[in-house]
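J.: sequence and predicted structure are below.
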Amino acid sequence: MCTTRLPEHSHMTLNQTRYPQLDHMLQISNRALASSGSGIIIMDATTASNPIVFANDAFCRMTGHAIEEVLGRDFSFLLSKHHDQQEIAAVYSALANNNEANLVLRKRHQDGAEIWSKLLISPVPDDTDRITYFIGVQTDITEHKRDEERLAHQSTHDALTGLPNRNLLKDRLQQAIAQTDRSEDSVALLFLDLDHFKLINDSLGHAAGDRMLLGVAERLRACVREGDTVSRHGGDEFVLVLREIDQSHHVAAICEKIFQTIADPFFIQGHSFHVTCSIGIALYPQDGQDTATLFKYADMALYQAKDQGRNHYQFFSREMNERMLERVTLDEALRSAIANDELLLHYQPLVSLSTGQLVGLETLVRWQHPELGMVSPTRFIPIAEESALIASIGEWVLRKACQDMRAWIDSGLTGFQVAVNVSPRQFRDPRLADRIEHVLAEHRIEPRMLSLEITETVLMQDTASSEATLRQLKGLGVDLALDDFGTGYSSLSYLKRFPFDRVKIDRSFVRDIITDSDDAAISKAIISMAHSLGIRVVAEGVETEAQCQFLRRHRCDEMQGYYFSRPLPPMEITMLLVEKKHLPESILMLQKAPRTLLLVDVDPDILAALQQLLRQDNYRIMTACSAEEALGVLAQHEVDIMVSGLTMPGMTVIELLRRTMKMYPDVIRIILSNPIEWQCVADSDSNGLIHKILIKPWDDQQLRSHLDDAFRHKALADANQRHNLEFHKEFKEENQRLGLRTKALSQALASANLKLERALDQQQQRGMRDKVQLDIMREMLEHIPLPMIGLDDDCVIVFVNAAAEALFASHGPILGRDSRELLPALCDAADSTGADSKLPVRIGHQHYRIICQRMGMHSLSRGSLLALVKQEANA
Ligand SMILES: Nc1nc2c(ncn2[C@@H]2O[C@H](COP(=O)(O)O[C@H]3[C@@H](O)[C@H](n4cnc5c(=O)[nH]c(N)nc54)O[C@@H]3COP(=O)(O)O)[C@@H](O)[C@H]2O)c(=O)[nH]1
């Protein structure tokens with residue numbers, strides 16, 4: 001417990017006999033000092049070290065010191081090493097000059113807790129105006145300081161992860177830059193973004209998303225050194241500052257470490273989740289000299305990393321900056337492109353592979369810039385997509401396509417659809433269906449004439465809402481095509497789930513369809529799967545006759561590509577439509593020639609000799625000098641037997657045989673080898689690639705006989721296969737029919753549902769209107785000053801207004817009673833057949849006439865409404 005003691009020379013020890021009332025005042029002051037809530041100390045001003053001569057209880061409580069520890073101690077006892085030396089010097093100078101001084105004290109309480117207080121020191125003059133004491137008043141500001149600290153922390157740290165936020169990171173980056181200027185090292189600024197984090201947030205909820213962010217923050221902290229900074233800039237964006245970097249591959253190593261640690265699964269809500277990230281890096285001083293530039297460049301690099309397919313890190317480069325500048329320039333120019341009439345449409349035909357006729361046109365937008373010339377959509381569509389300009393471009397394209405369609409229809413050019421590309425942002429616009437419906441109606445275009453092309457990446461973002469949007473679009477009656485199929489995370493199950501009419505095989509598969517067995521297999525699988533679901537297949541980017549033949553042979557429905565036509569302006573398309581341009585007849589007349597033999601050899605003399613020898617056997621003989629040429633022939637013709645030499649340019653014979661077996665398994669593969677190499681070839685064939693090896697120089701008769709055997713073998717195999725095919729065909733056709741029917745049914749169901757929804761909507765609105773009308777009528781009847789009674793067909797009272805209730809008040813409540821019990825005339829009036837009968841009746845002393853109105857003449861109501869009209873007795 002602290003005790004107070006007053007200084008001996010204090011003016012409070014004045015002559016008590018001379019001033020008895022002062023004695024009392026002194027006691028009061030004494031008590032006031034002792035019991036004050038503020039800490040109070042008195043220091044001797046006459047001694048240089050200003051010893052403490054008085055301290056009250058509150059001071060002792062605040063500091064945790066006993067009075068004995070305080071009294072007699074110098075003023076410096078109040079200070080600690082944390083104090084600002086300048087401030088202390090100012091206080092000493094104030095005291096030396098007998099001035100007031102202010103001081104914020106930060107000390108440890110005796111119990112160890114940190115306490116903050118404010119001390120106001122004032123000089124106390126004696127009777128001669130000499131300063132003999134300083135009185136110090138101390139206020140505890142610990143809470144206030146803590147609040148300040150909390151606020152300061154909040155303004156510099158992220159609330160969720162506790163990591164530094166953007167403000168603090170800027171400071172840290174500046175510090176790191178300043179420190180680096182004194183060395184040869186670099187500073188690395190890393191922008192890190194989690195890939196597809198939105199999916200996690202959307203599917204698992206925000207609480208789970210937060211758990212993952214906390215986990216990521218923790219893992220990132222573990223990847224860097226003490227002096228580095230990991231900060232969070234909101235959402236799934238983290239920014240790191242790495243100091244003392246002497247080589248860029250150190251940064252690369254840290255990025256790899258981050259990828260590895262982030263790749264470990266996160267366990268949330270009892271499930272494990274995987275996430276990846278992308279990182280953009282800018283270096284000081286190599287890339288930029290100030291924080292703003294470094295931020296901009298790291299962000300640019302991140303953008304590039306994401307563009308590369310995510311889970312990548314990317315260092316900033318000068319070219320990147322140039323590309324970005326180009327983007328900005330294009331973005332600016334694009335904003336005025338529509339207004340300046342710089343956009344135009346080209347159309348690329350889609351042709352049927354069974355009839356060869358044009359069946360559709362894909363709309364492809366073009367930008368004719370006055371200075372830059374023709375800008376490719378691959379350059380400006382992604383920019384428009386990012387800046388939301390795509391909405392107005394998309395709308396413009398749709399309108400222009402509808403205008404052109406209208407013009408073609410008006411000129412009698414019909415029988416084809418026009419396809420319009422729908423970009424991801426357009427697809428997410430909730431008013432898309434309404435807009436399309438409106439534009440179609442405005443141009444009087446039947447919805448089935450329009451096809452919407454949607455890429456599969458669009459669908460991945462939120463499959464449930466994508467499905468709803470597609471069904472809504474389908475409900476309009478337009479066709480839907482799945483564009484660039486196979487390029488994203490395609491799943492064939494999308495085909496089953498979503499109501500597509502067409503699937504477009506991406507041109508990257510078509511390009512090498514003749515030579516790449518994987519591309520061929522993928523394309524065949526897409527065709528077969530789509531057909532089993534009743535969906536038509538279009539091949540994109542068909543440039544050669546061989547590709548076209550291959551696709552036709554494998555039952556692809558339609559093709560699009562330079563082979564038939566490049567995208568053309570509307571005028572040239574009109575010409576093409578007028579001329580009824582179609583695929584060449586040669587493509588359409590694909591029929592099997594009897595016994596087709598393909599001879600492959602690099603030596604033209606051997607080819608000529610074989611042709612000469614085999615001419616007598618009436619085979620259709622085709623020749624090729626290289627493996628690539630051979631694959632082209634196989635794509636276009638149904639070959640029975642391929643006889644190949646051993647050496648050829650570009651590809652080994654084994655590779656040619658491998659691809660042939662994979663893509664055309666029915667072709668019989670025979671090798672014509674010299675006597676030295678044949679054993680070698682035979683040994684390397686472990687997979688049954690070679691049916692037979694013939695040795696050079698060949699015996700003419702023997703060769704002819706081997707080939708004859710091979711053809712007979714092939715004929716037998718074909719017959720077997722045909723038999724099997726017949727067997728499966730019916731089953732498959734039935735399946736296909738079922739698929740088509742199911743599809744048609746589900747489409748009909750979707751459109752019926754839409755109609756039903758609209759009808760229900762209208763009915764509901766009508767119902768609401770009827771109810772309001774009914775309420776008004778009821779209220780009118782209720783308050784009309786004429787007794788009104790409603791009877792049902794059994795004469796039970798189902799309605800009474802206020803006037804009728806008053807009239808029959810003596811009978812108690814009459815609603816629900818049989819009117820015959822109350823007043824038989826009511827029922828008689830209701831039964832009377834005359835529509836305007838006016839039955840007289842007496843109730844009490846009053847005469848009435850009952851006017852009856854039968855219900856149900858103009859509505860579904862039943863029963864009668866009776867009005868009782870007062871009559872004079874003699875009336
Ligand atoms: N959202 C919108 N996207 C659009 C629109 N107009 C075009 N685009 C998209 O821009 C991309 C590039 O289009 P473009 O440069 O017009 O290229 C198209 C064809 O010219 C090209 N093509 C067609 N046949 C061949 C061929 O035989 N070989 C070959 N190398 N290229 C060929 O393919 C592009 C059509 O691609 P796709 O749409 O996938 O069918 C492109 O992605 C367009 O979609 C628009 O109005 N809105």
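T.: Sure, I can see it.

J.: alpha carbons only for contacts and neighbour counts from here, please
T.: OK.

J.: I'd like the next helix or strand past the lowest-mean-pLDDT helix or strand in the chain.
T.: Of all helical and strand segments in the chain, the minimum by mean pLDDT, DSSP states H and E falls on helix 700-783, at a mean of 72. Reading on from helix 700-783 to the C-terminus, the next helix or strand found by DSSP states H and E is strand 788-791.

J.: what packs against that next one?
T.: Under the contact definition 3 or more C-alpha pairs under 8 Å, 6 or more residues apart in numbering; DSSP states H and E, strand 788-791 sits against strand 797-800, helix 802-807, strand 864-871.

J.: using TSV, lay out these together with mean pLDDT and distance to the ligand.
T.: Below are the helices and strands packed on strand 788-791 laid out as TSV (pLDDT from 0 to 100; distance: least, C-alpha to the nearest ligand atom, whole Å):
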stretch	mean pLDDT	distance to the ligand
strand 797-800	88	64
helix 802-807	89	68
strand 864-871	88	65
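
J.: in CSV: those, plus mean neighbour count and distance to Leu192.
T.: Rendered in CSV, the data for the helices and strands packed on strand 788-791 read as follows (neighbours: other C-alpha atoms under 10 Å; distance: least, C-alpha to C-alpha, whole Å):
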stretch, mean neighbour count, distance to Leu192
strand 797-800, 21, 74
helix 802-807, 17, 77
strand 864-871, 20, 79
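
J.: name the element Cys852 belongs to?
T.: In this assignment (DSSP H and E), Cys852 forms part of strand 846-854.

J.: same deal with Ile526?
T.: Assigned by DSSP H and E, Ile526 falls in helix 517-532.

J.: tabulate the CA atom coordinates of that helix in CSV.
T.: This file holds the C-alpha atoms of helix 517-532, laid out as CSV (Å, rounded to 0.1, in the frame of the first residue of the first chain):
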residue,chain,number,x,y,z
SER,A,517,-3.0,-41.7,-85.3
ASP,A,518,-3.9,-40.0,-82.0
ASP,A,519,-5.7,-37.2,-83.7
ALA,A,520,-7.4,-39.6,-86.0
ALA,A,521,-8.5,-41.8,-83.0
ILE,A,522,-9.8,-38.8,-81.1
SER,A,523,-11.8,-37.5,-84.1
LYS,A,524,-13.3,-40.9,-84.7
ALA,A,525,-14.2,-41.2,-81.0
ILE,A,526,-15.9,-37.8,-81.0
ILE,A,527,-17.9,-38.7,-84.1
SER,A,528,-19.0,-42.0,-82.7
MET,A,529,-19.9,-40.7,-79.3
ALA,A,530,-21.7,-37.6,-80.6
HIS,A,531,-23.7,-39.8,-83.1
SER,A,532,-24.8,-42.2,-80.3
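
J.: enumerate the residues of the stretch 301-450 of the chain near the ligand.
T.: When proximity is defined as C-alpha under 6 Å from any ligand atom, the stretch 301-450 of the chain approaches the ligand at Leu364, Val365, Ser376, Pro377, Thr378, Val397, Asn421, Val422, Ser423.

J.: now do the chain
T.: Checking the chain against the ligand by C-alpha under 6 Å from any ligand atom, the hits are 364-365, 376-378, 397, 421-423, 483-484, 541-543, 561-562, 567.

J.: just the closest residue of the stretch 1-150 of the chain to the ligand, please.
T.: Across the stretch 1-150 of the chain, no residue is closer to the ligand than Arg150, which sits at 49.7 Å (C-alpha to the nearest ligand atom).

J.: neighbours of that residue, how many?
T.: Using other C-alpha atoms under 10 Å, Arg150 has 12 neighbouring residues.

J.: torsion angles phi and psi at it?
T.: Main-chain torsions, Arg150, degrees, to the nearest 10: phi -60, psi -50.

J.: adding distance to Val458, write the helices and strands packed on strand 788-791 out as a markdown table.
T.: Formatted as a markdown table, these follow (distance: least, C-alpha to C-alpha, whole Å):
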| stretch | distance to Val458 |
| --- | --- |
| strand 797-800 | 60 |
| helix 802-807 | 65 |
| strand 864-871 | 63 |
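
J.: so which residues of the stretch 351-500 of the chain form strands?
T.: 358-369, 373-375, 417-422, 450-455, 479-485 (DSSP state E, counting those that start in this stretch).

J.: nearest spatial neighbour of the residue of the stretch 251-400 of the chain at minimum distance from the ligand, skipping sequence neighbours?
T.: Taking C-alpha to the nearest ligand atom as the measure, the point where the stretch 251-400 of the chain comes nearest the ligand is Leu364, at 3.5 Å. Counting by C-alpha to C-alpha, 6 or more residues apart in numbering, Leu364 lies nearest to His346, which is 5.2 Å off, once chain neighbours are set aside.

J.: list the contacts for Phe498?
T.: Taking C-alpha atoms under 8 Å, 6 or more residues apart in numbering, we find Phe498 in contact with Glu467, Leu470, Arg471.

J.: which of those are buried?
T.: In those, burial by neighbour count holds for Glu467, Leu470, Arg471, counting by 16 or more other C-alpha atoms under 10 Å.

J.: give me the neighbour count for Ile436.
T.: By other C-alpha under 10 Å, 19 other residues sit near Ile436.

J.: I'd guessed the residue nearest to Leu364 sits against Met571; true?
T.: No. Using C-alpha atoms under 8 Å, His346 is not in contact with Met571; the gap is 9.5 Å.

J.: those two: who's more crowded?
T.: Between His346 and Met571, counted using other C-alpha under 10 Å, the more crowded position is His346 (19 against 12).

J.: pretty sure the more buried one sits in a strand.
T.: Yes. If the criterion is DSSP: H, G, I helix; E, B strand; the rest coil, then His346 is within a strand.

J.: and Gln549, how many neighbours?
T.: Per other C-alpha under 10 Å, the neighbour tally for Gln549 reads 23.

J.: ok, and what's touching the helix or strand hosting it?
T.: Here Gln549, judged by DSSP H and E, is contained in helix 545-553. The contact list for helix 545-553 (C-alpha under 8 Å, 6+ apart) reads 353-354, 510, 513-514, 539, 542, 559, 563, 587, 632-633, 635-636.

J.: closest point of the stretch 151-300 of the chain to the ligand, which residue?
T.: As assessed by C-alpha to the nearest ligand atom, the ligand sits closest to His196 within the stretch 151-300 of the chain, at 22.0 Å.

J.: follow-up on the earlier one: how distant is the helix holding Gln549 from the center of its chain?
T.: Put simply, helix 545-553 sits 38 Å off its chain's centre (C-alpha atoms, centre = their mean, to the nearest Å).

J.: format the CA atom coordinates belonging to that helix as CSV.
T.: Extracted in CSV, the C-alpha atoms of helix 545-553 (Å, rounded to 0.1, in the frame of the first residue of the first chain):
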residue,chain,number,x,y,z
GLU,A,545,-9.1,-33.2,-100.0
ALA,A,546,-7.5,-36.0,-98.0
GLN,A,547,-8.7,-34.6,-94.7
CYS,A,548,-12.2,-34.2,-96.2
GLN,A,549,-12.2,-37.8,-97.5
PHE,A,550,-11.1,-39.2,-94.2
LEU,A,551,-13.8,-37.3,-92.3
ARG,A,552,-16.4,-38.4,-94.8
ARG,A,553,-15.3,-42.0,-94.6
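
J.: show me where the stretch 1-150 of the chain has helices.
T.: For the stretch 1-150 of the chain, applying DSSP state H, counting those that start in this stretch gives helices covering 20-35, 57-63, 67-70, 85-96, 142-156.

J.: ok, and what's touching stretch 156-163?
T.: Residues from elsewhere that reach stretch 156-163 (C-alpha under 8 Å, 6+ apart): 164-168, 210, 213-214, 217, 230-234.

J.: of those, which belong to helices?
T.: Secondary structure from DSSP state H places Arg166, Asn167, Leu168, Asp210, Leu213, Leu214, Ala217 of the contacts of stretch 156-163 in helices.
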